[in-house]
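> Just a sequence and a predicted model for now, questions to come.
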Amino acid sequence: MNVLVINCGSSSLKYQLIDSETEAVLAKGLCERIGIDGRLVYQKAGCDKEITEAAMPTHKEAIQMVLHALVNEKTGAIKSLDEVGAIGHRVVHGGEKFAASAVITDEMIKTVEECNDLAPLHNPANLIGIRVCAELMPHVPQVGVFDTAFHQTMPPKAYLYGLPLDYYKKYKIRRYGFHGTSHSYVSKHAIQFLGLDPDNSKVIVCHLGNGSSISAVQNGKCIDTTMGLTPLEGVIMGTRSGSIDPAIVEFIAKKENLDIAGVMNVLNKKSGLLGMSGISSDMRDLEDAAAEGNEDAKNAREALAYGIAKYVGGYVAAMNGVDAIIFTAGIGENDNLVREDICSYFKYLGVAIDLEANKKRGEDIVISTPDSKVKVAVIPTNEELAICRDTVALVK
Ligand code: AMP
C-alpha cells in the first residue's frame, strides 16, 4: 500500500509518499509560504528536485498541488490517486486523550480540537491538513499520529509538576513530552539493532536537533522525558532556552519592559544556542566559531552537552541503570564532538567511546567500544516511516 505522510505546519507542509511494503520513499517534498505566495518542492525518488512557484492562498491549494505533482504524467510517482491507500498525518498534541495513533473520524477530530489550547500554533494547522485531505480524497482512510502519544505511559511522579493539583485537574497542566514518534521509532529500532531484550531493557534516547528532547524508555515504554507542557522545557535548543528558573520570566519582563508574550518570544526564538552565542542557532556554525576561538560559541556547546549529560544521568537513576544511550536527529546524528563531550560524563558508568566509529555518519552505528559497560549508538530517526507504519497497522 502507498501511504501519503503529511506534516502540516501553519504556513508549510511536508509530505512523503511511501510504499509500505518496501518502505521505499517514492516521492517527497514540501510546500512553503502557504498564505503568503507559495512554493512547491517535489522530488521523485532518483530524480532531481523540482521547484514550482505558484499561488497557495490556503492549505487546500497546497495539497492540491502536491496531489497533481504525484500523478504528473512525466514526473509523477504514481499514475492515479487511486494508488494512495491511506494518509498518515502528524498531529502535535493529543493531550491525555491519545496514547496511540488513531483512525481519523469526526469524533476523533473533535477530540483533537479539545487539545488545541495545549498547542495553539500546531494543532489547528494539523487539523487543516486533515480536513483538506478528507475533502479532496474522501474515500482514503486517514490516521493521526501524535507527538505526545508515546509519552503517555509516564507515571504521575514523572508527569506532575510541583504546582497546585487543581491546575492539573482543571487545565491539564502536566508534562506531555514531544518528538514521541521519533523516540518510539528510535527506541524500538535500538532494541532490535543492539539485540536487547524488549521486556528487560533500559534505553535513553537523545533526540538532538533544532528542537531537542531526551526520553527514558524502560521495557519499550517511556517513563520520563525532558519536554513538558510545551516543547520549551528541557535541554538547551537551537533558539529555545530549555529549563530555566521560572522567576527569570518576571525578572526579564521588568528589566526589558516586556509583557508575557514578549518574554515567551525571547525564550522560544532568541535564546538557546542562538542567544548564548550571539552567532547562530546551528551547531555547525558554532563548531566553526568555537574552533576559531570564539569563547561564547564554545561555552554554548559545552553548556548544551553538560545539560544533556545531567538529564541522562538523572534517567540512569530513574531506571536504576541503563543498557544503551542512543543519539538521533540533526545534532545527535552528525556532531561527533558533542557526542564525545556528552559521553565523557559517563566514565563512572563504564562508558567507553570508539573515537573512529564515532566519526562515521548516515547509518545505524555502535560508537561504544566492545568492552563498554553501556552500549552507545547513533540511529538516524525516521518519523515519516514511523507514521507510515502506524497508518498501515490501523487501516489494514
Ligand atoms: P533537525 O531539527 O533534526 O533537522 O536538526 C537540525 C540541526 O542539526 C541543525 O540546526 C544543526 O544544528 C544540526 N546539524 C545538522 N548537521 C550537522 C552537522 N554536520 N554537524 C553538527 N550539527 C549539525
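Sure, I can see it. Residues are numbered from 1 along each chain as shown.

> count of neighbours near the closest residue to the ligand within the stretch 101-250 of the chain?
Going by CB to the nearest ligand atom, the ligand is nearest to Gly209 of the stretch 101-250 of the chain, at 2.5 Å. All C-beta spots, glycine's among them, are computed from the backbone N, C-alpha and C. Residues lying near Gly209 (other CB atoms under 10 Å) number 19.

> how close does the nearest residue to it once chain neighbours are set aside get to Asp296?
Leaving aside its sequence neighbours, Gly209 sits nearest to Ala329 (CB to CB, 6 or more residues apart in numbering; 3.5 Å). Using CB to CB, to the nearest Å, Ala329 is found at 24 Å from Asp296.

> out of the two, which sits in the busier spot?
It is Ala329, of Ala329 and Asp296, that has more neighbours when counted by other CB under 10 Å, with 22 against 14.

> Contact partners for that one?
Neighbour list for Ala329: His179, Ser182, His207, Leu208, Gly209, Ser212, Thr381 [criterion: CB atoms under 8 Å, 6 or more residues apart in numbering].

> State the helix or strand in which the last one lies.
Counting by DSSP states H and E, there is no helix or strand that carries Thr381.

> Quick one: name the residues of this protein near the ligand.
For the chain, the contact set with the ligand under CB under 6 Å from any ligand atom comprises Gly209, Asn210, Gly238, Asp282, Met283, Arg284, Ala329, Gly330, Ile331, Asn334, Asp335.

> redo that, cut-off 5 Å
Counting by CB under 5 Å from any ligand atom, the chain comes close to the ligand at Gly209, Asn210, Asp282, Met283, Arg284, Ala329, Gly330, Ile331, Asn334, Asp335.

> Mind checking which of the residues you listed land in strands?
The strands, defined by DSSP state E, take in nothing from these.

> Can I get these in JSON lines including pLDDT?
Shown next, in JSON lines, are the residues of the chain next to the ligand (pLDDT from 0 to 100):
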{"residue": "Gly209", "pLDDT": "95"}
{"residue": "Asn210", "pLDDT": "93"}
{"residue": "Asp282", "pLDDT": "96"}
{"residue": "Met283", "pLDDT": "96"}
{"residue": "Arg284", "pLDDT": "96"}
{"residue": "Ala329", "pLDDT": "97"}
{"residue": "Gly330", "pLDDT": "96"}
{"residue": "Ile331", "pLDDT": "97"}
{"residue": "Asn334", "pLDDT": "97"}
{"residue": "Asp335", "pLDDT": "97"}
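
> Buried subset of the residues you listed as a PyMOL selection?
PyMOL command restricting these to the buried ones, with burial defined by 16 or more other CB atoms under 10 Å:
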select buried, resi 209+210+282+283+329+330+331+334+335
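
> so of the residues of the chain next to the ligand, which ones are in helices?
Met283, Arg284, Ala329, Gly330, Ile331, Asn334 (DSSP state H).

> Pipe these into a markdown table and attach distance to Met65 per row.
Formatted as a markdown table, those follow (distance: CB to CB, whole Å):
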| residue | distance to Met65 |
| --- | --- |
| Met283 | 33 |
| Arg284 | 32 |
| Ala329 | 29 |
| Gly330 | 27 |
| Ile331 | 32 |
| Asn334 | 32 |
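
> Looking at these, which two lie furthest apart in space?
Arg284 and Ala329 (14.0 Å; CB to CB).

> closest point of the chain to the ligand, which residue?
With CB to the nearest ligand atom, the shortest gap between the chain and the ligand falls at Gly330, namely 2.0 Å.

> What residues does that residue make contact with?
Contacts of Gly330 by CB under 8 Å, 6+ apart are Leu208, Gly209, Asn210, Met283.

> ok, 6 Å please
Neighbour list for Gly330: Gly209 [criterion: CB atoms under 6 Å, 6 or more residues apart in numbering].

> what pLDDT does Leu121 get?
Each residue has a pLDDT score; the one for Leu121 is 82.

> wait, what's in contact with it?
Neighbours of Leu121 in contact, by CB under 6 Å, 6+ apart: none.

> gap between it and Leu13?
According to CB to CB, Leu121 and Leu13 sit 15 Å apart.

> do Ile252 as well
34 Å.

> what do you get for Glu287?
Distance of Glu287 to Leu13, given as CB to CB: 31 Å.

> Settle it for me: which of the two has more neighbours?
Each of Glu287 and Leu13 has its neighbours counted (other CB under 10 Å); Leu13 has more, 25 against 16.

> Thanks again, I'm all set now.
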